[in-house]
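Engineer: give me a model of this one.
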Amino acid sequence: MTTTDMAEWGWDPKWAEAFGEYREAGLVPGRVTLEHKHIYRVMTEEGELLGEIAGRMRHEAFGRADYPAVGDWVALQPRPADGRATIHGVLPRRSKFSRKAAGPAVAEQIVAANVDTVFLVHALNQDFNLRRLERYLTLAYESGAQPVVLLSKADLCADVPGRVADVEGIAPGVPIHAVSSLQDEGLEALRPYLAGGRTAALLGSSGAGKSTLANRLYGEEVLHTGGIREGDDRGRHTTTHRELVRLPEGGLLIDTPGMRELQLWDADSGLDLAFRDIEALAAGCRFSDCSHGGEPGCAVQAALEEGTLQAARYRSYVKLQKELAFEARREDPALQREERDRWKKIHKQVRKSPGRH
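Structural biologist: You can find the predicted model right below:
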């Protein structure tokens, strides 16, 4: 029987160490490559299986974040005869790109997990928007993965160097690549991020060109793509689910649905990193609790008056701060206790899993 080399899907000694208790319980590891209404496609040593959540795991889950996400490593009990498996646990994530789930409830939605590089795909057409890119950068920093900005559709832009300079102004130190999938320009520069066993995720708004880019990196049409809407240069939404695919050269890529409205989730540290220029200015204020309003000796206001800090960037910073503060006030205090108890229940699940003696 042919077996799958899980190292090709990102498995390494650290994952093996984290899996120790699950292996003792008679379970095997697998990586989630696709999620659809709580049915998961999982790659295992025995090939691809369809995974379902164990009843106990479902009962003890606090919320959506406790369910597997694309990119997760899970512990499962395989049933290779019928191509299925039961998922009993999720390994602690090394990184996760999260946003607030749609709807009035305060809940986390994990877009992609265990990603090494987050490709923030932003189109160089009429939909170019620095403020939206700042939002993506904030959550990318919070994820724990390396952010890389991909300025797509460079063939549609008359001043690519100017746009790159604009992005450099809001993303200091972040690698920036201008690419054109249609003309195969700039794609070779992305190969180092996609070395064997490394995982990258494509994130961006609808129509930014993520699926077309994924197809070019793969070498053939593995994902459906759509055209540009007339009138506003925005693309038609094509990807409807998250999927992890293995590239011929060995890297792993997660394409995600376009997210026009990206609401922040628990991204305080990401905000500090995305706006490190403003944080550095604030450290120079006369008063440590300066609100950057009318206090004397405010370094932020001085920079705004001098023009060294753009007013639009500062307004974006304040807006995201307020959004995070609002969501924090809405959050049920019980969720904090649930997070502290989370790992206790994970270990409890392991002890009760089939095969545990």
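
Engineer: so where's the stretch 151-300 of the chain uncertain?
Structural biologist: Across the stretch 151-300 of the chain, residues meeting the criterion (pLDDT under 70) sit at 220-240, 257-267.

Engineer: could you pull out the strands for it?
Structural biologist: Applying DSSP state E, counting those that start in this stretch to the stretch 151-300 of the chain gives strands spanning 176-178, 199-204, 243-246, 252-255.

Engineer: on the three-state scheme, residue 88 is what?
Structural biologist: Three-state call for residue 88 (DSSP: H, G, I helix; E, B strand; the rest coil): strand.

Engineer: next one: residue 51
Structural biologist: Relying on three-state DSSP, one would call residue 51 strand.

Engineer: so what's it up against?
Structural biologist: Applying C-beta atoms under 8 Å, 6 or more residues apart in numbering to residue 51 gives the contacts 30, 32, 39-42, 68, 74, 76, 84-87. Yep, even glycine has a C-beta here, placed from its N, CA and C like the rest.

Engineer: go again using 6 Å as the cut-off
Structural biologist: For residue 51, the contacting residues are 40, 42, 76, 85, 87, by C-beta atoms under 6 Å, 6 or more residues apart in numbering.

Engineer: give the buried residues for the helix or strand harbouring residue 322.
Structural biologist: Assigned by DSSP states H and E, residue 322 belongs to helix 311-330. For helix 311-330, burial by neighbour count (16 or more other C-beta atoms under 10 Å) applies to 313, 314, 316, 317, 320, 323, 324, 327.

Engineer: on that earlier part again, in JSON lines: the contacts of residue 51, plus secondary structure.
Structural biologist: Listed next are the contacts of residue 51 as JSON lines, based on three-state DSSP:
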{"residue": "40", "secondary structure": "strand"}
{"residue": "42", "secondary structure": "strand"}
{"residue": "76", "secondary structure": "strand"}
{"residue": "85", "secondary structure": "strand"}
{"residue": "87", "secondary structure": "strand"}
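
Engineer: wait, which of the residues you listed is closest to residue 126?
Structural biologist: Residue 126 lies nearest to residue 40 out of the contacts of residue 51, by C-beta to C-beta, at 37.8 Å.

Engineer: and residue 77, backbone torsions?
Structural biologist: Taking degrees, to the nearest 10, you get phi -110, psi 110 for the backbone angles of residue 77.

Engineer: which residue sits closest to it in space, ignoring its chain neighbours?
Structural biologist: Distance criterion C-beta to C-beta, 6 or more residues apart in numbering; nearest residue to residue 77, sequence neighbours excluded, is residue 86 at 4.7 Å.

Engineer: what is the burial count for residue 3?
Structural biologist: Look at residue 3: counted by other C-beta atoms under 10 Å, it has 9 neighbours.

Engineer: looking at this structure, which residue lies furthest from center?
Structural biologist: In terms of distance from the mean C-alpha position of the chain, residue 296 ranks first, at 40.1 Å (C-alpha atoms, centre = their mean).

Engineer: quick one: residue 32 and residue 283, what's the gap?
Structural biologist: According to C-beta to C-beta, to the nearest Å, residue 32 stands 41 Å off from residue 283.

Engineer: go on, residue 99?
Structural biologist: With distances taken as C-beta to C-beta, residue 99 is found 29 Å from residue 283.

Engineer: and residue 163, by the same measure?
Structural biologist: Per C-beta to C-beta, residue 163 is found 30 Å from residue 283.

Engineer: between these two, which one's more packed in?
Structural biologist: Higher neighbour count among residue 163 and residue 283: residue 163, with 19 against 9, using other C-beta under 10 Å.

Engineer: the more buried one: what's it in contact with?
Structural biologist: By C-beta under 6 Å, 6+ apart, the contact set of residue 163 is residue 124.

Engineer: SS state for the spatially most central residue of the chain?
Structural biologist: Nearest to the geometric centre of the chain sits residue 97, at 2.9 Å (C-alpha atoms, centre = their mean). What three-state DSSP gives for residue 97 is strand.

Engineer: going forward, begin numbering at 578 instead of 1
Structural biologist: I'll keep to 578 as the first residue from here, and by that count the last item is residue 674.

Engineer: next, count neighbours for the residue nearest to it when sequence neighbours are not counted.
Structural biologist: Nearest residue to residue 674, sequence neighbours excluded (C-beta to C-beta, 6+ apart): residue 720, at 4.2 Å. Neighbours of residue 720 under the rule other C-beta under 10 Å: 25.

Engineer: likewise for residue 846?
Structural biologist: Burial of residue 846 is recorded as 12 neighbouring residues (other C-beta under 10 Å).

Engineer: give the closest residue to it in space, chain neighbours not counted.
Structural biologist: Using C-beta to C-beta, 6+ apart, the closest residue to residue 846 is residue 719 (6.2 Å).

Engineer: the one you found and residue 610, how far apart?
Structural biologist: 24 Å.

Engineer: same thing with residue 582?
Structural biologist: Distance of residue 582 to residue 610, given as C-beta to C-beta: 15 Å.

Engineer: neighbour count for those two, which is higher?
Structural biologist: When residue 582 is set against residue 610 and neighbours are counted by other C-beta under 10 Å, the residue ahead is residue 610, at 21 against 9.
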